[in-house]
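> here are the coordinates; sequence isn't available:
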């Protein structure tokens, strides 16, 4: 692709608008906008996007992993014709604007809210995985309806974050040749020279991962950058990293200094920088020839969209069933009915075994394109599909993803899969190891993505592995996270209806599952079916229908509550048992329903959960009591540890009598 004076003027316009935006806001990161603008411009010269339809599924995707460079991205999105005006640029980093400090998916043209450094890089790996998977499922000879490339701008900081190692290793193993990363190699960080913090050999590192490594020595050489991109586009078996040697804060008085990273240039410094760039336009002014040039890029994108629509129309005629299924998955039209697909549960069933059965019937009998995997613990937590050979370079159509022991990359990749669209993906590890992917889960919650987390080993019941493997505070921590729905089901039936609820909505869901066999609540099936989608419900009413108190809990402890209810009744103490599988869904119910389940006049409330107790205060109140574990566990027989920690029928009964029958 040839480049001329207008291309260089377009790059400098991106730089100028970025400086104007940041200086006007008195907040932002100027350095990257001056160094990486050529990379961003060349990427968009090669991408297929349609500014009139930002969510066109056939488009290429772009991820700005260095999200602090958002002013640069917003400037380009404005120039190329997305619904971002000069006025939007002037409201950079202000409340309710389209131009927040870091990219958010609510901004037209933004494909990912990249969050902390490194996560954008890893999210793009998930996007590339999704493209490979769906292409293998839907494409037919002569009908490449899914043929997207995923482009990334990354910086030195992204590559220092540990998640970049996990994600790059995974991408190299999976041979994701549709992934192209351009590295803004400016050799400066926020605090110092890169050489003060790292002397990694980037070339050898990525070659060792199995990547194609290319280098461009001059970050302003548009032809050289483009030539490297063309090589990457032709690569057949490897993802590509293009290291572009740039100058942080290029052309500014702070050029090639770490001080350029987060500095807001003064008006005088901006003027000096524009003079060095030979850029004449006034602040926030764009030369008409630049707008005209970007209009050509817009038209090219619209033509690509029309060509894709024409191809899809022919595809729909030739392969109607596949086209209908793809459309249903893209529009979230596939619904899951647990009563139709439900397996036959045993009288005693572990919730991890229940989810295993549910995964099988969902994959076999539903039109939902469901896939996922584990951080090397699927065999323990049963989160695998029995008849699947595994998602690998020669089997992209398969659904079991071997994420390896890479929890953080797994979480970010799940976000990328969700952002790409067309499928639902789940991930797994032990609940305690969710700490490794917590930041990615938070990003999913921020973006409100329909990611599914099926976490096992939900309590101290796993025993001999000891406190390092026993989750104590994790449930409370995730319940405190906005936009995340947490389920801890009490049995196989609650697991089934929680799964149905999770699949039939488009928000992130975390399920904490256990390995000990629990009695299946067949006796209470109607209550379970109606109650689980509401988060909390009356599982068993007091025998006299006039409860004097309430026992409530989640997970395996619900069976203890039912036994305690029966024992208290022998002493003419009649209490209600409430199962609370999801705090978030219960709190979302109308006040009248919540008062029906937890009547304000019933202040004698006792909660039981093998986890920290603080988050139960909202339900038990000041007069209530919580049996939990507010300290780390111990290594030993699981049953012995459970008993020593007070999770017994005898202790529940004793605590109820001691606190409420004085």
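That came through, no problem. Everything quoted here is computed from the prediction, not taken from an experiment. Numbering: from 1, shown residues only.

> For the top helix by length along the chain, buried residues please.
Counting by DSSP state H, the longest helix found in the chain is helix 288-318. Applying a neighbour-count criterion of 16 or more other CB atoms under 10 Å, the buried positions in helix 288-318 are 290, 293-294, 297-298, 301-302, 304-305, 308, 311-312, 315-316. Every residue, glycine included, has its C-beta placed from N, CA and C.

> Of the residues you listed, which is the nearest to residue 185?
The shortest gap between residue 185 and any of the buried residues of helix 288-318 belongs to residue 297, at 25.9 Å (CB to CB).

> Verify the stated contact: the closest one with residue 45.
Yes - proximity of residue 297 to residue 45 meets the contact threshold set by CB atoms under 8 Å, at 6.9 Å.

> Contact partners for residue 492?
With contact taken as CB atoms under 8 Å, 6 or more residues apart in numbering, residue 492 is in contact with 345-346, 349, 351, 353-354, 518, 520.

> could you redo the last one with a cut-off of 6 Å?
By CB atoms under 6 Å, 6 or more residues apart in numbering, residue 492 lies in contact with 345, 349, 354, 520.

> which residues does the second one form a beta bridge with?
Counting by DSSP bridges, residue 349 is bridged to residue 518.

> burial of it, as a residue count?
Neighbourhood size, residue 349 [other CB atoms under 10 Å]: 19.

> does it really touch residue 521, like I thought?
No - at 10.3 Å, residue 349 does not count as touching residue 521 under the criterion of CB atoms under 6 Å.

> State the distance from the closest residue to residue 53 other than its chain neighbours to residue 105.
Excluding its sequence neighbours, the residue lying closest to residue 53 (CB to CB, 6 or more residues apart in numbering) is residue 305, at 6.5 Å. Distance from residue 305 to residue 105, counting by CB to CB, to the nearest Å: 20 Å.

> go on, residue 477?
To residue 105, residue 477 is 24 Å away according to CB to CB.

> now do residue 336
Distance from residue 336 to residue 105, by CB to CB: 25 Å.

> Tell me how far the helix or strand of the chain with the lowest mean pLDDT lies from the chain's centre.
Least confident helix or strand, the chain: helix 338-341 with a mean of 80, by mean pLDDT, DSSP states H and E. The chain centroid and the centroid of helix 338-341 are separated by 28 Å, computed with CA atoms, centre = their mean, to the nearest Å.

> In three-state terms, label residue 157 for me.
Assigned with DSSP: H, G, I helix; E, B strand; the rest coil, residue 157 falls in the helix class.

> circling back: which one of residue 336 and residue 105 is surrounded by more residues?
For residue 336 versus residue 105, the count of surrounding residues by other CB under 10 Å is larger for residue 336: 21 against 18.

> helix, strand or coil for the more buried one?
The three-state assignment at residue 336 reads coil, by three-state DSSP.

> Columns pLDDT and distance to residue 263 on top of the buried residues of helix 288-318, output as CSV?
Output for those, formatted as CSV (pLDDT from 0 to 100; distance: CB to CB, whole Å):
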residue, pLDDT, distance to residue 263
290, 98, 26
293, 97, 30
294, 98, 28
297, 94, 31
298, 96, 33
301, 96, 34
302, 97, 39
304, 97, 39
305, 98, 40
308, 98, 43
311, 98, 48
312, 98, 48
315, 98, 51
316, 98, 53
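
> export those residues to TSV and tack on distance to residue 487?
Rendered in TSV, the data for these read as follows (distance: CB to CB, whole Å):
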residue	distance to residue 487
290	52
293	52
294	47
297	46
298	45
301	42
302	44
304	42
305	40
308	39
311	41
312	37
315	38
316	37
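
> and the closest residue to residue 197 other than its chain neighbours, how many neighbours?
In space, and not counting its chain neighbours, residue 197 is closest to residue 189: 6.0 Å by CB to CB, 6+ apart. Neighbourhood size, residue 189 [other CB under 10 Å]: 19.

> again with residue 20
That count, for residue 20 with other CB under 10 Å as the rule, works out to 25.

> Report the separation between it and residue 653.
Distance, residue 20 to residue 653, by CB to CB: 70 Å.

> ok, now which ones touch residue 502?
By CB under 6 Å, 6+ apart, the contact set of residue 502 is residue 509.

> Remind me which helix or strand it belongs to.
helix 492-503 (DSSP states H and E).

> pLDDT averaged over that helix - what is it?
For helix 492-503, mean pLDDT is 97.

> What of stretch 2-9?
Mean predicted confidence for stretch 2-9 is 95.

> Counting by contacts, list what the helix or strand that contains residue 71 packs against.
Taking DSSP H and E as the definition, one finds residue 71 inside helix 70-80. Identification of packing neighbours for helix 70-80 by 3 or more CB pairs under 6 Å, 6 or more residues apart in numbering; DSSP states H and E yields helix 5-25, helix 288-318.

> Recalculate using a threshold of 8 Å.
Packed against helix 70-80 by the contact rule (3 or more CB pairs under 8 Å, 6 or more residues apart in numbering; DSSP states H and E) you find helix 5-25, helix 30-35, helix 37-46, strand 61-64, helix 86-90, helix 288-318.

> Present the ones you listed as a markdown table; the columns should include distance to residue 71.
As requested, those are arranged in a markdown table below (distance: least, CB to CB, whole Å):
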| stretch | distance to residue 71 |
| --- | --- |
| helix 5-25 | 4 |
| helix 30-35 | 6 |
| helix 37-46 | 10 |
| strand 61-64 | 11 |
| helix 86-90 | 8 |
| helix 288-318 | 17 |
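
> To residue 634, which of the ones you listed lies closest?
Using CB to CB as the measure, strand 61-64 is the one of these that comes nearest residue 634, at 43.8 Å.

> Given the closest one, what are its sheet partners and their directions?
Next to strand 61-64 in the sheet, as set by DSSP bridges, lie strand 150-155 (parallel).

> pLDDT averaged over the strand it pairs with - what is it?
98.

> Need the contact partners of that strand.
Contacts of strand 150-155 (CB under 8 Å, 6+ apart): 32, 36, 39-40, 43, 46-47, 60-66, 69, 117, 120-121, 124, 127-128, 131, 164, 178-184, 186.

> chain center to that strand, what's the gap?
Centre-to-centre, strand 150-155 and its host chain are 18 Å apart (CA atoms, centre = their mean).

> and the closest residue to residue 56 other than its chain neighbours, which of the three is it?
Once flanking residues are discounted, residue 56 sits nearest to residue 50: 4.9 Å by CB to CB, 6+ apart. Assigned with three-state DSSP, residue 50 falls in the coil class.

> So which residues of the stretch 251-400 of the chain form strands?
Applying DSSP state E, counting those that start in this stretch to the stretch 251-400 of the chain gives strands spanning 348-349, 370-374, 400-402.

> Let's have these in a markdown table, adding mean pLDDT and distance to residue 492.
Shown next, in a markdown table, are these (pLDDT from 0 to 100; distance: least, CB to CB, whole Å):
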| stretch | mean pLDDT | distance to residue 492 |
| --- | --- | --- |
| strand 348-349 | 96 | 4 |
| strand 370-374 | 98 | 19 |
| strand 400-402 | 98 | 22 |
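
> In space, what's closest to residue 459 - neighbours in sequence excluded?
Among residues not flanking residue 459 along the chain, residue 610 sits closest, at 3.9 Å (CB to CB, 6+ apart).

> Make sure residue 381 is actually in contact with residue 513.
Yes - if you go by CB under 8 Å, residue 381 and residue 513 touch, sitting 6.8 Å apart.

> So these two - more neighbours on which side?
When residue 381 and residue 513 are compared on other CB under 10 Å, the one with more neighbours turns out to be residue 513, at 27 against 24.
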